[in-house]
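J.: Sequence isn't available, so here's the structure alone:
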């Protein structure tokens, strides 16, 4: 994936209409942290708090799932206007089953980001050439460099998004199945 396929939303509210947040199903670990600015601040839904790394490069955030999941996007809230040299400039996202078999999925270079950085994660698992969400047990977000040659980083929020699927309502039928013309005849009571 090339670096021009990411998006930065300056809005503070992340639109989840086409996806669902699956980060609550994962265990987050970090490479290091300053006291009071740990992994809890990455997931507290407060854009004023942040994780601050403490140590040598590269800094990283590990996201481990108990089972294989479909991940469509990684969203990271960054604020260059508040954090300046603490703001990541170059990020790499890797995927695998553990830290021992990680493969780089995408690397992006950011220029003074303020807002949600949305990184789509697509996989070409099928034989027909179609791309879909990435299926993984483990993600790693690596911070490779900072703005102004900074040493430590601030990341305000991390959201892991999966595709929104239609729930099963009866047997193998999903809610979307009931929107066909054949099923619409039963939609209204006369």
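T.: Perfect, I can see it now. Remember, it's a predicted structure, so these values are computed and weren't measured experimentally.

J.: ok, residue 162 - how many residues close by?
T.: For residue 162, the neighbour count with other Cβ atoms under 10 Å is 19. C-beta here means a position set from N, CA and C on the backbone, and glycine is covered the same way.

J.: how about it, phi and psi?
T.: When read as degrees, to the nearest 10, the backbone of residue 162 gives phi -110, psi 170.

J.: Start at 58, not 1
T.: Sure, I'll start counting at 58 from here, so that last one is residue 219.

J.: from memory it sits against residue 126, does it?
T.: Yes. Taking Cβ atoms under 8 Å as the definition, residue 219 is a contact partner of residue 126 at 6.1 Å.

J.: what do the two both touch?
T.: Counting by Cβ atoms under 8 Å, 6 or more residues apart in numbering, the shared contacts of residue 219 and residue 126 are residue 79.

J.: So in that sheet, which strands flank the strand with the most length in the chain, and in what orientation?
T.: The single longest strand within the chain, with elements called by DSSP state E, is strand 189-203. Partner strands and pairing direction for strand 189-203 (DSSP bridges) are strand 116-128 (antiparallel), strand 145-153 (antiparallel), strand 179-180 (antiparallel).
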